[in-house]
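Enquirer: here is a sequence together with a model predicted from it:
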Amino acid sequence: MKKSDKIFVDSDVIVSSLISQQGAAHLLINKSNLNLYISNFSYKELKIVCRRLKLNGYHLERLIKNNFIFIKLKQTIKKIKSKYGKYTTDKNDSHIVAGAVKAKARFIISYNIKHFKTNLIKKDFNIILLTPGHFLQYLRSQ
Amino acid sequence: MNNPLVYTPEQAADLLQLSKSTVYSLINQGEIVAKKIGKVYRIPASSLSFVFTGLDYDLYQAEKKDFKQIEKIQKEIAKARRSL
């Protein structure tokens, strides 16, 4: 893996890292020297989910500010679903693929791999989907 | 992970598709954690976690911790995504 490789992180990984400090998500997100990305749509849903799960909004903001690079998807969610829906089994997850493509990411890290058409995403964008644990395992093999 | 709880170096070599001497060498280097009992080694299944789970034992345990909450988290994310 090159130092410049970009990693787009799905929201389930970010929320997991806020809930458990011993989990793989927390280990990954707090690892230094990784270029972690999220989009404006991810941030919006993260705020909703944190509120519903009664997680500290300040912790979320601090985590995003300190550990992530923020990218803005300018298209509407409708257009994103229309363009990237074919890469997911649930069109509502399309913005994750859109964000990774915009970030020029090499990896998407998610616990929801089954909702993504991994082979098609690899073929069209050369992006690999991994869980946090498998990504950390990959880093150990470098 | 299934039984047995411990493996001989020979069994570990078979599982990892390595030679017996490589396994002994990895034990000496500390890459495979083993216990010397008398004159023989026994390797706990956790040292061979990668074979069974694709992950080192600590990473396997770390993912398991996340899995405890993941269903609830993904349910809330799905709800939030429908409202975007």
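Expert: Nice, thanks for sending it over.

Enquirer: quick one: the longest helix along chain A near chain B?
Expert: Secondary structure of chain A read by DSSP state H shows that its longest helix is helix A:40-52. Yes. Helix A:40-52 comes into contact with chain B (Cβ under 8 Å from any Cβ of the partner chain), by way of A:41, A:44-45, A:48-49, A:52. For every residue, glycine as well, the C-beta is placed using N, CA and C.

Enquirer: could I get these as a markdown table with pLDDT and distance to A:K117?
Expert: Written out in a markdown table, the entries for the residues of helix A:40-52 next to chain B read as follows (pLDDT from 0 to 100; distance: Cβ to Cβ, whole Å):
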| residue | pLDDT | distance to A:K117 |
| --- | --- | --- |
| A:F41 | 97 | 19 |
| A:K44 | 96 | 24 |
| A:E45 | 97 | 21 |
| A:I48 | 97 | 26 |
| A:V49 | 97 | 24 |
| A:R52 | 96 | 28 |
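
Enquirer: give me the buried subset of those.
Expert: With burial judged by 16 or more other Cβ atoms under 10 Å in any protein chain shown, the buried subset of the residues of helix A:40-52 next to chain B is A:41, A:44-45, A:48-49.

Enquirer: tell me the one of those residues nearest B:F67?
Expert: Minimum distance to B:F67 across those is 17.4 Å, recorded for A:V49 (Cβ to Cβ).

Enquirer: my guess is the closest one contacts B:I77, does it?
Expert: Yes. Here A:V49 reaches B:I77: they are 5.6 Å apart, a contact under Cβ atoms under 8 Å.

Enquirer: overlap in contacts of these two?
Expert: A:11, A:15 (Cβ atoms under 8 Å, 6 or more residues apart in numbering or on different chains).

Enquirer: which strand or helix spans B:K68?
Expert: In this structure, B:K68 sits in helix B:57-82 according to DSSP states H and E.

Enquirer: and that helix, how far out from the chain middle?
Expert: Helix B:57-82 sits 20 Å away from the centroid of its parent chain (Cα atoms, centre = their mean, to the nearest Å).

Enquirer: that helix near chain A at all?
Expert: Yes. Counting by Cβ under 8 Å from any Cβ, contacts between helix B:57-82 and chain A involve B:59-60, B:62-63, B:65-70, B:72-74, B:76-82.

Enquirer: what strand or helix carries the most centrally placed residue in chain B?
Expert: Among the residues of chain B, the one closest to the centroid is B:S49, at 1.6 Å (Cα atoms, centre = their mean). Using DSSP H and E, the element containing B:S49 is helix B:49-53.

Enquirer: buried set for that helix?
Expert: Buried residues in helix B:49-53, counting neighbours by 16+ other Cβ under 10 Å, are found at B:49-50, B:53.

Enquirer: again with stretch A:45-59
Expert: The neighbour-count check on stretch A:45-59 (16+ other Cβ under 10 Å) flags A:45-46, A:48-50, A:55 as buried.

Enquirer: one more: stretch A:107-118?
Expert: If you call a residue buried by 16+ other Cβ under 10 Å, then stretch A:107-118 has these buried ones: A:107-112, A:115-117.
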